[in-house]
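A.B. asks: here's my sequence, what's the structure:
(one chain, ligands or ions: 2)
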Amino acid sequence: MPSKEDPIIIVGAGVFGLTLARELCQRGYIRVSVLDRHPPPVPDGSSVDLSRIIRSDYADAQYMKMADEAVAGWKSEYSRYYHESGILIISDEGGHSYLEKAKEQVQSQGGKINIFDNASRIRDAHCEFTSGTLRNCEGYLNPRGGWADSAGAVRHLASQCSALGASFVTGIRGSVDSFVLDGTRVVGVNVKEGPPLLAEHVVLATGAWTSRLIDITSNAVSTAQPVGFTQLTADEADMLRRMPIALDLASGFFVFPPTPSSNILKCARHGYGYETRISMTTPTGEQQQVSAPRLDGDGTRALFLPEDAEVSLREGLRRFFSSSISERPFVKKHLCWYTDTPKGDFIVDHYPHLQNLFLATGGSGHAFKFLPILGTYTCDVFEGLAPQSLSQKWACRADDTDVLMHGDGSRGGPPRRHLQDWEQLEFLGIS
Ligand SMILES: Cc1cc2nc3c(=O)[nH]c(=O)nc-3n(C[C@H](O)[C@H](O)[C@H](O)COP(=O)(O)OP(=O)(O)OC[C@H]3O[C@@H](n4cnc5c(N)ncnc54)[C@H](O)[C@@H]3O)c2cc1C
Ligand SMILES: *[C@@H]1O[C@H](CO)[C@@H](O)[C@H](O)[C@H]1NC(C)=O
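C.D. replies: Ligands and ions are numbered 1, 2, ... in the order given. Predicted coordinates for the structure are as follows:
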């Protein structure tokens, strides 16, 4: 069990880093520092943006239980940031194993859902979708669930961390280049400018960037996922105001209700994503090619989508909306990073190859929703208090051979591919 006086450095001010920082402070740790390239909400981080789905529909019992607790937190402490629009989950006719399992899990917990046998039933229940081309599908609506203003919630969480005594170091002093090592023990971090920062424990909550600092290739791969934003008129937005979130497991496409004041319709794909090729040197001096985001820059994202990604977002939009909406150019579009693991399980564990280095990452495209309660679970693992079943589920394995990183069965759409050199140049500014 770490001592409450130990200096702890958490690298990364996303949902993993901030929730752990808050929990550590609440448990009486008095020297918690959070480092990041930018102050949270970090503009090009994965925990930002307009919205994230808050669903408790899971095929897996552990995440389902956590999601239920998280929804309770969204409805109380974080209610200012939460919109309970309900969530419609569909797939092609003939059954989808993730959808069936999630449906069973929700029902076995006493959740009330509306089941739709076909597309016309969905349109009957949700007039917002009558102008779309939806057909040959089935699914259900879970009224318990919705979306969160993610940047707003992260801003609030960061201010709670500050109020509880956590220090923040951002900018060049908060940008970590490498570790200070004493043999194979991590005793601090080297930052871009100035002397290193020393600590008894270093936590990497670096999301998709983790592969730039350590060899994580047998546990996770960073994948970029497409997002598009359409500006609606006030009248169009009013027509869609009461729509649920729609998630099509067959294609991975999902779309949120319009944002309340700005009337932005946001859509994305929960798929296998795109990889980049970046050269890095591991702490032991080996050269590796990994998929990772850019480290430098001012945090603005390139307005870039691969052409096939844009095509599939448009196909998704057409299934639900009229052509006047589905064909309208995006006002903003970009790729957003997932940190994918073999089965979609998080990585919350000591790094097996270096001492005093703890990992809290591996969000696999579904970690945000747990914001209200995630820290309780990750801090239990950090302190060695978590049940073995959980610490094993979230273990950083030294020798995992399943490198497919296909997630938990909830993904749809085409297989993962590497970006071509010119695509990577447009996306990262480097090829
Ligand atoms: C398009 C998209 C849609 C999603 N939809 C949902 C959803 O609907 N529901 C849901 O629950 N989840 C969703 N997710 C997943 C969820 O957002 C992520 O799992 C979660 O935000 C990951 O948090 P993180 O803390 O691991 O990463 P991040 O928020 O990216 O935090 C990592 C931080 O580390 C910092 N960092 C990295 N390296 C360094 C370094 N060397 N020095 C200093 N700082 C560093 C970065 O600047 C960054 O701020 C979605 C993700 C994306 C991309
Ligand atoms: C859709 O399903 C309902 C049963 O839920 C059925 O009555 C109806 O005929 C079906 N419609 C089509 C077009 O298949």
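A.B. asks: and the contacts of the helix or strand of the chain with the lowest mean pLDDT?
C.D. replies: None of the helices or strands of the chain scores lower by mean pLDDT, DSSP states H and E than helix 97-108, at a mean of 92. With C-beta atoms under 8 Å, 6 or more residues apart in numbering as the contact definition, helix 97-108 has outside contacts at 56-59, 61, 64, 89-91, 113, 115, 139-140, 142, 249, 408-410. C-beta coordinates here come from the backbone N, C-alpha and C atoms, glycine included.
A.B. asks: buried stuff in it?
C.D. replies: For helix 97-108, the neighbour count (16 or more other C-beta atoms under 10 Å) marks 98-99, 101-103, 105-106 as buried.
A.B. asks: please apply the same query to stretch 50-70.
C.D. replies: 50-60, 63-64, 66-68, 70.
A.B. asks: sorry, back to before: closest to residue 323 out of the buried residues of helix 97-108?
C.D. replies: Taking C-beta to C-beta as the measure, residue 323 sits nearest to residue 99 out of the buried residues of helix 97-108, at 27.9 Å.
A.B. asks: pLDDT averaged over stretch 205-213 - what is it?
C.D. replies: The average pLDDT for stretch 205-213 rounds to 98.
A.B. asks: go on, stretch 405-418?
C.D. replies: On average, stretch 405-418 scores 91.
A.B. asks: name the nearest residue to whatever residue of the stretch 301-431 of the chain ends up closest to ligand 1, ignoring sequence neighbours.
C.D. replies: Closest contact between the stretch 301-431 of the chain and ligand 1, by C-beta to the nearest ligand atom, is at residue 363 (2.4 Å). The shortest distance from residue 363 to any residue other than its chain neighbours is 5.3 Å, reached at residue 339 (C-beta to C-beta, 6 or more residues apart in numbering).
A.B. asks: over to residue 398?
C.D. replies: In space, residue 398 is closest to residue 352, 4.4 Å off (C-beta to C-beta, 6+ apart).
A.B. asks: try residue 9
C.D. replies: Closest to residue 9 by C-beta to C-beta, 6+ apart is residue 199, at 4.1 Å.
A.B. asks: residue contacts, the spatially most central residue of the chain?
C.D. replies: Central residue of the chain (C-alpha atoms, centre = their mean): residue 365, 4.0 Å from the mean position. By C-beta under 8 Å, 6+ apart, the residues touching residue 365 are 225, 270, 338, 340, 344, 407, 411.
A.B. asks: so which one among those residues has the lowest pLDDT?
C.D. replies: residue 407 (85).
A.B. asks: what residues are up against that residue?
C.D. replies: Counted by C-beta under 8 Å, 6+ apart, residue 407 has contacts 340-341, 343-344, 364-365.
A.B. asks: that one should be in a helix, yeah?
C.D. replies: No - per DSSP: H, G, I helix; E, B strand; the rest coil, residue 407 lies outside any helix segment and is coil.
A.B. asks: circling back: same list, the contacts of residue 407, but as a markdown table with secondary structure please.
C.D. replies: Putting the contacts of residue 407 into a markdown table (three-state DSSP) gives the following:
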| residue | secondary structure |
| --- | --- |
| 340 | strand |
| 341 | coil |
| 343 | coil |
| 344 | coil |
| 364 | coil |
| 365 | coil |
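A.B. asks: just the CA trace of stretch 19-35, in CSV.
C.D. replies: The C-alpha coordinates for stretch 19-35 follow below in CSV (Å, rounded to 0.1, in the frame of the first residue of the first chain):
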residue,chain,number,x,y,z
THR,A,19,-10.6,10.5,-11.9
LEU,A,20,-7.7,8.8,-10.3
ALA,A,21,-6.3,12.2,-9.1
ARG,A,22,-9.6,13.1,-7.5
GLU,A,23,-9.9,9.7,-5.8
LEU,A,24,-6.3,9.8,-4.5
CYS,A,25,-6.9,13.2,-3.0
GLN,A,26,-10.1,12.1,-1.4
ARG,A,27,-8.3,9.1,0.1
GLY,A,28,-5.8,11.4,1.8
TYR,A,29,-2.8,11.5,-0.6
ILE,A,30,-1.3,14.9,-0.2
ARG,A,31,1.2,15.0,-3.1
VAL,A,32,-0.7,14.4,-6.2
SER,A,33,0.5,16.2,-9.4
VAL,A,34,-1.2,15.9,-12.8
LEU,A,35,0.9,16.6,-15.9
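A.B. asks: so for it, what's the average pLDDT?
C.D. replies: In the prediction, stretch 19-35 has an average pLDDT of 98.
A.B. asks: buried sites along that stretch?
C.D. replies: In stretch 19-35, counting by 16+ other C-beta under 10 Å, buried: 19-25, 29, 31-35.
A.B. asks: would you turn those into CSV with secondary structure and distance to ligand 2?
C.D. replies: As requested, the buried residues of stretch 19-35 are exported to CSV (DSSP: H, G, I helix; E, B strand; the rest coil; distance: C-beta to the nearest ligand atom, whole Å):
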residue, secondary structure, distance to ligand 2
19, helix, 42
20, helix, 46
21, helix, 49
22, helix, 46
23, helix, 46
24, helix, 51
25, helix, 52
29, coil, 55
31, coil, 60
32, strand, 54
33, strand, 57
34, strand, 51
35, strand, 54
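A.B. asks: nearest to residue 230, out of those residues: which one, please.
C.D. replies: The closest of those to residue 230 turns out to be residue 19 (C-beta to C-beta; 31.4 Å).
A.B. asks: get me the contact residues on this protein for ligand 1.
C.D. replies: For the chain, the residues in contact with ligand 1 (C-beta under 6 Å from any ligand atom) are 11-17, 35-37, 42, 45-47, 52-53, 174-176, 205-207, 209, 213, 225, 227, 268, 336-339, 361, 363, 365-369.
A.B. asks: measure the residue in the stretch 101-250 of the chain positioned nearest to ligand 1 to residue 90 for me?
C.D. replies: Taking C-beta to the nearest ligand atom, ligand 1 has its nearest neighbour within the stretch 101-250 of the chain at residue 207, 2.7 Å off. With distances taken as C-beta to C-beta, to the nearest Å, residue 207 is found 29 Å from residue 90.
A.B. asks: and the helices in this structure?
C.D. replies: Remark: helices assigned in the chain by DSSP state H are 15-26, 61-75, 97-108, 119-125, 150-163, 234-240, 307-320, 323-326, 374-382, 388-393, 421-428.
A.B. asks: pick the most deeply packed of the ones you listed.
C.D. replies: Most buried of the helices of the chain, by mean neighbour count (mean count of other C-beta atoms under 10 Å): helix 15-26, with a mean of 27.
A.B. asks: other residues contacting that helix?
C.D. replies: Outside of helix 15-26, the residues within contact range by C-beta under 8 Å, 6+ apart are 8, 10-11, 32, 34, 36, 40, 46-47, 154, 157-158, 160-161, 164-166, 203, 205, 207, 360-361, 363, 367-368, 370-371, 374-376, 378-379, 382.
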